[in-house]
Each structure stands twice: as structure tokens, then as C-alpha cells.
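Peer 1: Fold the following for me, if possible:
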Amino acid sequence: MKAALDITVLYVAEAGVFYYRYNLVRALLELPTHHEFTLLDYFPLEGGWARREPDEVKSLLEGRANVRRIRGLKDRKLARLGFVQKYGLLPLVRPVDRLLEMPWQCLCRFETDRRIRRHLGDVDLFHSSDVLYHALRGAKNVATIYDLTALLFPEYHTARVRQAQAKKYRFVQHKADAVITISESARRDAIEYLKLDPDRVFVIYGGVDPAYRPLPQGFVAMALGTWGLAPQSYILHLGTIEPRKNLVCLIQAYHRLKKSMPNAPKLVQVGTKGWLCDDVFEQVHHLDLEDSVTFLGRIESHWLPALYNGARLFVYPSIYEGFGLPPLEAMACGVPVITSNTSSLPEVVGDAGVMVDPCDVPQLAEVMERLLVDEQESARLGQRGLERARRFTWQTTARETVRIYEKLIG
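Peer 2: The predicted structure follows:
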């Protein structure tokens with residue numbers, strides 16, 4: 001079997017989508033198999049030759065991967081040009097954009113199909129990504145749904161994100177021969193809300209990288225010094241700052257914790273600013289928590305195991321997740337986890353963490369205080385987390401993905 005996977009998404013995605021795709025591709029390339037895997041890098045989608053190449057992508061491309069890099073047309077709008085915005089020309093160019101949008105999109109689709117078929121005409125199966133929604137004629141087509149937040153919680157997303165995800169949902173509904181979801185929860189949502197045939201929707205969980213494990217405390221202390229932190233001196237949250245992550249409720253719960261435990265560890269948040277996130281910072285200011293809540297921003301992935309290891313607790317009260325990789329990584333490091341009782345998170349955490357209603361601020365504050373006080377319960381949860389995390393490996397993800405490929409090819 002010859003299979004091709006789009007890796008263009010690795011240049012723009014962050015957090016869960018990036019790490020699922022990267023680790024899946026890496027594990028597929030490491031499988032002892034007679035199948036051939038080709039990686040598609042479709043340049044025009046993300047800025048052409050000048051774009052930044054993440055270290056993880058470099059590691060894939062420097063290995064034994066067969067990579068096809070393809071130039072092509074980019075779906076452009078005049079309104080996005082810098083000089084148009086700078087000189088106030090938007091009212092003039094928007095009518096032109098609307099007039100040209102349909103013919104330009106048709107031309108882009110035609111040219112994309114022509115160029116990709118020229119390079120991938122010999123493959124049996126094509127696995128598209130969150131960037132390139134393309135069905136390869138003459139091959140079986142696979143798509144992955146990570147979550148349905150843009151559909152279920154449109155108020156948590158910008159119009160641009162909703163439009164992009166709506167395009168993906170249409171592709172999944174009408175073009176994909178098989179759809180992979182990363183949890184049973186996401187599968188149920190995809191079947192119910194996208195009206196997909198259950199027989200073509202498959203669940204394949206993500207894994208946890210071996211780097212996420214208990215580390216020597218001396219190394220952890222040295223690494224944390226980079227940010228002025230000490231081991232066991234903070235409560236950790238990791239994720240993009242966006243409404244779905246429910247950081248406003250976490251900050252409110254932390255404020256209640258500080259009232260009952262003035263010496264409670266500080267709250268440290270790791271992750272990039274996403275969208276609609278101003279209220280998070282406003283909440284910190286309003287509750288006078290600037291000295292107790294620290295935002296570290298994006299941290300290179302090789303530092304994350306140390307940040308997990310140094311935490312007293314990992315708290316993740318997300319409203320909705322397609323999988324929930326950060327709680328799994330925290331468990332793999334032996335850190336007690338508090339997370340939501342919603343969506344996929346109970347599947348990932350099981351009985352190895354404490355689950356709460358993500359919108360119940362008093363309950364979240366009470367559970368944080370309980371685990372900070374009861375060191376025996378925290379230690380038990382840490383041990384359970386280690387045991388549960390061992391069930392999730394990227395090698396298993398890759399093997400199960402190949403089984404779906406083989407089933408499609410027959």
C-alpha cells in the first residue's frame with residue numbers, strides 16, 4: 001500500500017492538532033511495515049518558501065521520509081494585503097473580492113487537484129489535514145476530526161475559524177471515505193451533528209511521548225530556574241488561551257482558593273494567546289491576582305516535561321475537548337490531575353484524576369484545596385496517573401491508523 005499524508009498543517013497548527021499529527025506521522029515512519037508513506041507539503045497554503053520550519057518538521061524531513069513539496073496557487077483576497085489595510089482601501093476592494101471570490105476559488109481547486117495528482121497519482125490512499133481539504137481522485141480519502149467546538153460552541157470562535165471549520169465539515173461529510181476521531185465522545189458528536197454513517201467513523205486515541213515521565217528533581221529544579229520557579233511551588237495549566245479552555249472560571253476558583261489558603265501555590269499558565277482572550281487577563285486584574293498568576297506564553301516542547309514535573313497540581317477545567325492531551329501528559333509525569341467531567345476527558349483520565357463540573361467554581365476551588373492539603377490522596381492520584389498514561393502510546397495510534405488504511409484498501 002502506498003499512502004500519502006498532508007503535513008502542511010504542521011507549519012501553522014499548535015497545541016493538540018500539531019502534536020497529534022506530528023506524532024502520528026513520526027510513528028508511522030518508524031513502523032516496521034512494507035507499506036510506503038509519502039508526506040505532502042503543499043507550499044502555497046502557508047506563505048511559500050519564506051515560512052518558518054518547526055524543529056519537529058525538520059526532524060521528520062531529515063529522516064527517511066519521502067517528501068513531495070508542491071507549489072501552487074494560494075486562495076488570496078485583496079483585503080488581506082498590507083497596503084490596502086494601511087491606506088484605508090478596504091471599502092474599495094471588498095466588492096472586488098466578493099466578485100472574484102467564486103472564480104478564484106474554482107481556479108485554485110482546479111490547480112490544486114492538477115498539481116497534487118501529478119505528484120501523488122500513484123498512491124492508494126490520501127490522509128488530508130486541517131489545512132488541505134482535498135480528495136485525491138483514484139485514491140481512498142481519510143480525514144481526521146479533532147473536535148467539533150466550532151459547531152457546538154460557535155460563540156467561542158471567531159468568524160474566520162467558524163468558516164474554516166465549516167469547510168472541513170463539508171469535506172468530511174461529502175468527500176472522505178473514512179473519518180478518524182480521537183475519542184468516542186468526538187465520534188458520537190460527529191455522527192450526531194454531521195450525520196455521518198457510523199460505519200465509516202473510527203476512534204483512534206492519541207498517545208503520550210516517552211519524554212513525559214518523572215524526572216530527577218535536580219534537573220527539574222535547574223530547568224524551572226529559567227522562569228524563576230521552584231519545584232512544587234505552583235499549580236499548572238497548559239493550553240491555548242481561548243474561551244473553550246475556561247480560564248476565567250479557573251481564575252475565579254483560584255481566587256476563592258487564595259481566600260481560604262493565603263499561602264496557596266501560585267497559578268502558572270503555559271500557552272499562546274488564542275482568540276477572544278482579553279477577559280482572562282481582565283479577570284486577573286479585577287481580582288488583584290497579578291502577583292499570584294503567571295502567564296509564561298509559549299514554551300518549547302522540550303521544556304514541558306520539567307514544567308509538568310515541578311507542579312503540585314495540574315488543573316484543566318476545559319468546557320470541551322476532542323481528546324485532552326495535556327492531562328495525559330501531566331499523568332505521565334506523575335502529577336495529580338483535576339479536569340472536567342465533560343466530552344472526552346473522562347475517557348482519557350478515567351479514575352486517575354478528579355473530575356468536576358467545569359462551570360462550578362466553588363467545587364473546583366474545594367477540590368484544589370483538598371488535594372493541596374491531603375498529600376496522601378495527591379500521591380495516590382499521581383501513581384494512578386502514571387499507570388493509566390502507559391495505556392496511550394503513539395505506536396498504538398500508528399498501528400491502528402494503518403489498520404484503517406488497510407481496511408479501506410481491502
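
Peer 1: mind showing which ranges of the stretch 101-250 of the chain have poor pLDDT?
Peer 2: Counting by pLDDT under 70, the ranges of the stretch 101-250 of the chain that qualify are 101, 104-105, 107-108, 111.

Peer 1: one more time with 90, if that's ok
Peer 2: Applying pLDDT under 90 to the stretch 101-250 of the chain picks out residues 101-124, 126, 128-139, 145-172, 174-175, 226, 239-244.

Peer 1: Ok, the stretch 251-400 of the chain next?
Peer 2: Low-confidence segments of the stretch 251-400 of the chain, defined by pLDDT under 90: 271-291, 293, 296-302, 320-324.

Peer 1: how many other residues sit next to residue 2?
Peer 2: 16 (other Cβ atoms under 10 Å). Glycine gets a C-beta too; all of them are placed from N, C-alpha and C.

Peer 1: Using the record's assignment, carve this structure into domains.
Peer 2: Per automatic domain parsing, the domain ranges recorded for the chain read 2-207+394-409, 217-389.

Peer 1: which of the ones you listed sits most buried?
Peer 2: domain 217-389 (a mean of 19; mean count of other Cβ atoms under 10 Å).

Peer 1: Check the offset of that one from the chain's centre.
Peer 2: Computed by Cα atoms, centre = their mean, to the nearest Å, the chain-centroid distance of domain 217-389 equals 17 Å.

Peer 1: and the closest residue to residue 330 other than its chain neighbours, what are its bridge partners?
Peer 2: Spatial nearest neighbour of residue 330, chain neighbours left out: residue 314 (3.7 Å); criterion: Cβ to Cβ, 6 or more residues apart in numbering. Following DSSP bridges, residue 314 is listed with bridge partners residue 236, residue 337.

Peer 1: ok, residue 314 touching residue 334?
Peer 2: No - at 10.4 Å, residue 314 and residue 334 do not qualify as touching, with contact defined as Cβ atoms under 8 Å.

Peer 1: backbone phi and psi for the closest residue in space to residue 6 that isn't next to it in sequence, please?
Peer 2: Counting by Cβ to Cβ, 6+ apart, residue 6 lies nearest to residue 129, which is 4.1 Å off, once chain neighbours are set aside. Here is the backbone geometry of residue 129 (degrees, to the nearest 10): phi -130, psi -170.

Peer 1: And for residue 321?
Peer 2: phi -140, psi 150.

Peer 1: residues touching it, list them.
Peer 2: By Cβ atoms under 8 Å, 6 or more residues apart in numbering, the contact set of residue 321 is 147, 183, 340, 342, 343, 344, 345.

Peer 1: So the fourth one versus residue 358, what's the distance?
Peer 2: The reference is to residue 342. Applying Cβ to Cβ, to the nearest Å, the value for residue 342 to residue 358 is 6 Å.

Peer 1: Please apply the same query to the last one.
Peer 2: In this structure, residue 345 and residue 358 are separated by 9 Å, where distance is defined by Cβ to Cβ.

Peer 1: which neighbours do the two share?
Peer 2: Shared contacts of residue 345 and residue 358 (Cβ under 8 Å, 6+ apart): residue 318.

Peer 1: I'd guessed residue 398 sits against residue 24; true?
Peer 2: Yes - assessed by Cβ under 8 Å, residue 398 is found in contact with residue 24 at 6.3 Å.

Peer 1: secondary structure class for residue 67?
Peer 2: Classification of residue 67 by DSSP: H, G, I helix; E, B strand; the rest coil places it in strand.

Peer 1: which residues touch the nearest residue to residue 151 once chain neighbours are set aside?
Peer 2: Residue nearest to residue 151 in three dimensions, not counting chain neighbours: residue 193, with 5.8 Å by Cβ to Cβ, 6+ apart. Listed by Cβ under 8 Å, 6+ apart, the contact partners of residue 193 are 148, 151, 152.

Peer 1: chain center to the helix or strand where residue 193 lies, what's the gap?
Peer 2: Residue 193 is part of helix 184-194, with elements assigned from DSSP states H and E. Its chain's average C-alpha position is 18 Å from that of helix 184-194, according to Cα atoms, centre = their mean.

Peer 1: any chance of the contacts of residue 321 in a markdown table, plus distance to residue 369?
Peer 2: As requested, those are exported to a markdown table (distance: Cβ to Cβ, whole Å):
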| residue | distance to residue 369 |
| --- | --- |
| 147 | 31 |
| 183 | 30 |
| 340 | 18 |
| 342 | 22 |
| 343 | 25 |
| 344 | 27 |
| 345 | 21 |
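
Peer 1: Among the residues you listed, which are located in helices?
Peer 2: Under the assignment DSSP state H, the contacts of residue 321 contribute residue 345 to helices.

Peer 1: For residue 330, give its distance to residue 238.
Peer 2: Residue 330 is 8 Å from residue 238, by Cβ to Cβ.

Peer 1: Likewise for residue 351?
Peer 2: For residue 351 relative to residue 238 (Cβ to Cβ), the value is 22 Å.

Peer 1: what ranges do the strands span in the stretch 1-150 of the chain?
Peer 2: Secondary structure of the stretch 1-150 of the chain (DSSP state E, counting those that start in this stretch): strands at 2-6, 36-42, 66-70, 125-127, 140-145.

Peer 1: which one of these lies closest to residue 267?
Peer 2: strand 140-145 (31.9 Å; Cβ to Cβ).

Peer 1: Can you tell me what sits against that closest one?
Peer 2: With contact meaning Cβ under 8 Å, 6+ apart, strand 140-145 is reached by 20-21, 124-130, 133, 135, 168, 171-172, 175-182, 186, 190, 322, 404-405, 408-409.

Peer 1: coming back round to it: can you lay out the contacts of residue 193 as CSV showing distance to residue 60?
Peer 2: Formatted as CSV, these follow (distance: Cβ to Cβ, whole Å):
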residue, distance to residue 60
148, 28
151, 31
152, 32
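
Peer 1: Identify the residue nearest residue 133 in space, chain neighbours excluded?
Peer 2: Once flanking residues are discounted, residue 133 sits nearest to residue 171: 4.1 Å by Cβ to Cβ, 6+ apart.

Peer 1: Just to check, that neighbour is in contact with residue 135?
Peer 2: Yes - under the criterion of Cβ under 8 Å, residue 171 makes contact with residue 135 at 7.4 Å.
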